[in-house]
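Peer 1: have a look at this prediction, sequence included:
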Amino acid sequence: AYRPLHVVCTMASCTNVCVIGAGHVGAPHAIVMASKCPKVKFTVVDDDARTIAAWNSGLLPFFEPGMQELLDDVRSAGNLSFTSDFDSAVRTAEVILVSVSTPLKKSGVGAGYAPNLEHWESVARRIAKVAGGPKIIVERSTVPVTTAASMTRVFKSVCSHEVVMLSNPEFAREGSAITDQLSPDRVMIGGPESVEGEASVAVLKALYSSWVPTGRIITSNLWSAEISKLTADAFLAQRISSINAISALCEKTGADVDEVSYAIGVDSRIGRKCLTASLGFGGVCYETHLRNLVYLARMYRMPVVATYWDSVIKMNDYQKRRFANLVVREMFNTVGGKKLAVLGFAYKKNTSDCRFSAALDVCKVLENEQALLVVHDPRVSAEAVGVAFTRDDGSASLVSCEADPYVAMEGAHAVLVLTEWEEFTRLDFKRVYASMQKPAFVFDGRNLLDHKALREIGFKVYGIGKPQPPAETETESAEAAAESAAESQKRAGRILAGAAPKENAAALRAAAERALAQTPASEQPAGGGLERAATFGGMA
Ligand SMILES: NC(=O)c1ccc[n+]([C@@H]2O[C@H](COP(=O)([O-])OP(=O)(O)OC[C@H]3O[C@@H](n4cnc5c(N)ncnc54)[C@H](O)[C@@H]3O)[C@@H](O)[C@H]2O)c1
């Protein structure tokens with residue numbers, strides 16, 4: 001018999017919470033909730049057995065500052081578990097938080113813009129199949145507005161038990177997810193405007209109230225909550241694209257983007273955050289959610305709104321391409337066969353996540369130019385880098401990984417700073433300079449390093465939105481270009497002769513063959529090859 005949820009799910013009876021999806025959103029959130037609600041049992045399920053095994057081992061699937069320590073504490077309290085047993089976790093829970101992935105569709109209607117809701121729908125169907133009683137289902141994944149209505153219909157077509165769908169979007173940032181969860185700016189809970197809806201919102205609100213001040217818990221209607229996450233990410237990304245657009249102008253005019261950013265940021269109407277110019281934003285949220293927003297606007301036939309938000313993505317692509325172009329152009333229009341040391345591959349510091357990393361897009365352009373890229377990142381595994389560069393045809397990539405940053409930079413023609421890891425500022429750049437080819441270039445895509453100090457050592461340094469180093473005279477430039485081209489050919493010859501011990505021999509050999517077959521740099525049109533190469537992953 002039907003029993004209304006607001007009778008079944010009072011806070012007193014909400015003793016079991018199931019979290020579906022043990023990824024970057026689901027797992028840190030469950031760990032924090034379990035630490036703050038010791039009387040509630042949290043069960044995290046995932047359909048990837050390797051992920052569950054990793055959570056149950058000492059080696060976590062990804063890095064998040066403070067997560068390991070908090071997890072160790074929670075484990076000893078005993079109210080958190082990770083399991084593949086979906087059915088029993090769902091059956092015993094009153095509240096189910098769904099944090100499964102919603103990647104962009106790869107084909108069909110809305111490809112590249114619409115979210116793929118396949119995982120969501122299959123989860124809704126499976127919950128409905130095994131529910132065994134009324135459930136509060138909470139959207140934690142980012143989904144298009146009105147998804148809750150579709151999922152309620154899916155649920156009700158399979159199951160006779162009552163269900164209430166809530167939306168509780170995730171605003172915590174990767175890289176500070178634990179501290180953001182412990183002390184959020186706000187928690188947003190959207191629910192249906194009905195008695196059961198309000199009772200269900202109250203249940204979730206009571207859980208958060210264990211540690212979040214009531215004034216920071218916003219309740220709203222379902223659709224406002226669903227659209228707020230897309231809006232928040234779109235606004236944050238838009239600020240980054242805006243300052244990046246100005247950085248391009250700064251480089252042309254001799255202005256310094258950091259000075260401009262400071263001057264506008266102290267205006268309290270603008271504020272200082274998200275105003276750091278860089279080679280572009282990355283990560284699963286900004287680009288995916290902007291694209292989802294563009295898709296929504298198109299779906300509701302609002303082309304002006306769609307074009308407005310699409311331009312934020314276009315500016316980001318422009319910035320990445322501009323940076324890659326700069327590297328090639330300043331290195332005498334050829335990077336073929338040259339070793340380039342890449343410092344940082346994660347999409348930002350303090351995370352091991354490299355999904356939608358700006359570094360990846362820049363590296364792909366340079367790889368296409370036959371550069372020999374050696375990646376060093378303190379947290380991204382060699383396996384993850386390998387996966388990112390796996391070619392569709394299975395051929396070997398020219399990219400290798402190096403755990404020691406000094407080895408990564410030894411013999412390199414250039415150092416590219418692509419992630420703002422603070423430890424890079426502590427490297428001994430005198431030692432690095434001594435070990436590099438000359439001229440030794442630094443392309444600082446995050447304006448992280450001390451450019452003045454690097455120039456004093458002898459580096460040629462390029463930042464983002466910074467006055468460019470004085471141009472060389474034409475003769476100097478031509479001489480350096482000729483020297484560089486000759487060095488590339490020599491290096492390629494050495495590789496062919498088997499003198500490249502550290503890197504992937506087969507990949508290097510292929511690269512070297514291509515470098516030797518290349519037209520001399522002096523005969524190439526400036527940036528010509530790059531324009532062709534500059535198509536970024538995921539772009540239509
Ligand atoms: N990563 C972020 O910072 C962030 C922030 C806010 C919102 N989001 C949104 O949250 C959602 C999840 O993102 P994420 O970064 O945690 O993704 P993720 O890929 O790290 O984790 C998703 C997890 O869901 C699991 N999964 C997929 N289908 C499943 C199924 N049918 N049953 C059980 N488990 C399943 C996957 O195996 C994976 O472990 C997405 O909608 C994303 O847009 C992400």
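Peer 2: Yep, that arrived. Residues are numbered from 1 along each chain as shown.
Peer 1: and Gly66, how far is that from Leu60?
Peer 2: If you measure Gly66 against Leu60 using Cβ to Cβ, to the nearest Å, the figure is 12 Å. The way it works is simple: take the backbone N, C-alpha and C, and place the C-beta from them, glycine included.
Peer 1: now do Ala114
Peer 2: In this structure, Ala114 and Leu60 are 32 Å apart, going by Cβ to Cβ.
Peer 1: quick one: which of the two has more around it?
Peer 2: Between Ala114 and Leu60, counted using other Cβ atoms under 10 Å, the more crowded position is Ala114 (20 against 14).
Peer 1: quick one, what contacts the more buried one?
Peer 2: 104-105, 144, 291-292, 295 (Cβ atoms under 8 Å, 6 or more residues apart in numbering).
Peer 1: in ChimeraX, select just the buried ones from those residues.
Peer 2: Here is the ChimeraX command that selects only those of the contacts of Ala114 that count as buried (16 or more other Cβ atoms under 10 Å):
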select :104,105,144,291,292,295
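Peer 1: where does confidence bottom out across the contacts of Ala114?
Peer 2: Checked by pLDDT, the contacts of Ala114 have Pro144 as the lowest-scoring entry (83).
Peer 1: that residue against Leu296, yeah?
Peer 2: Yes: judged on Cβ atoms under 8 Å, Pro144 makes contact with Leu296 at a distance of 5.9 Å.
Peer 1: shared neighbours, these two?
Peer 2: Between them, Pro144 and Leu296 share the neighbouring residues Leu230, with contact defined by Cβ under 8 Å, 6+ apart.
Peer 1: which residue, other than its chain neighbours, is closest to whichever residue of the stretch 351-500 of the chain sits closest to the ligand?
Peer 2: Among all residues of the stretch 351-500 of the chain, Asp353 sits closest to the ligand, at 7.1 Å; criterion: Cβ to the nearest ligand atom. Once flanking residues are discounted, Asp353 sits nearest to Glu174: 5.6 Å by Cβ to Cβ, 6 or more residues apart in numbering.
Peer 1: can you name the residues that contact that neighbour?
Peer 2: With the criterion set at Cβ under 8 Å, 6+ apart, Glu174 makes contact with 24, 64, 283, 348, 350-351, 353.
Peer 1: ok, the residue in the chain positioned nearest to the ligand - contacts?
Peer 2: Nearest residue of the chain to the ligand: Gly23, at 1.8 Å (Cβ to the nearest ligand atom). The contact partners of Gly23, taken as Cβ under 8 Å, 6+ apart, are 46, 51, 99-101.
Peer 1: out of those residues, which are buried?
Peer 2: Members of the contacts of Gly23 that pass the buried threshold by neighbour count (16+ other Cβ under 10 Å) are listed as 46, 51, 99-101.
Peer 1: could I get these as a markdown table with distance to the ligand?
Peer 2: Written out in a markdown table, the entries for those read as follows (distance: Cβ to the nearest ligand atom, whole Å):
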| residue | distance to the ligand |
| --- | --- |
| Asp46 | 4 |
| Thr51 | 5 |
| Ser99 | 5 |
| Val100 | 4 |
| Ser101 | 4 |
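Peer 1: of those, which is the nearest to Cys401?
Peer 2: Thr51 (22.5 Å; Cβ to Cβ).
Peer 1: in which helix or strand does that closest one reside?
Peer 2: Using DSSP states H and E, Thr51 sits within helix 49-55.
Peer 1: over to Leu166?
Peer 2: Assigned by DSSP H and E, Leu166 belongs to strand 163-167.
Peer 1: does the helix or strand following that strand reach the ligand?
Peer 2: Using DSSP H and E, the helix or strand that follows strand 163-167 in sequence is helix 177-182. No: with Cβ under 6 Å from any ligand atom as the threshold, helix 177-182 lies outside contact range of the ligand, at a closest distance of 7.2 Å.
Peer 1: would you mind listing the buried residues in helix 177-182?
Peer 2: The neighbour-count criterion (16+ other Cβ under 10 Å) identifies 177-178, 180-182 as the buried residues of helix 177-182.
Peer 1: dump the residues you listed into TSV; add distance to Gly132 and pLDDT as well.
Peer 2: Formatted as TSV, these follow (distance: Cβ to Cβ, whole Å; pLDDT from 0 to 100):
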residue	distance to Gly132	pLDDT
Ala177	32	97
Ile178	33	98
Asp180	34	97
Gln181	30	97
Leu182	33	98
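Peer 1: done for today, thanks.
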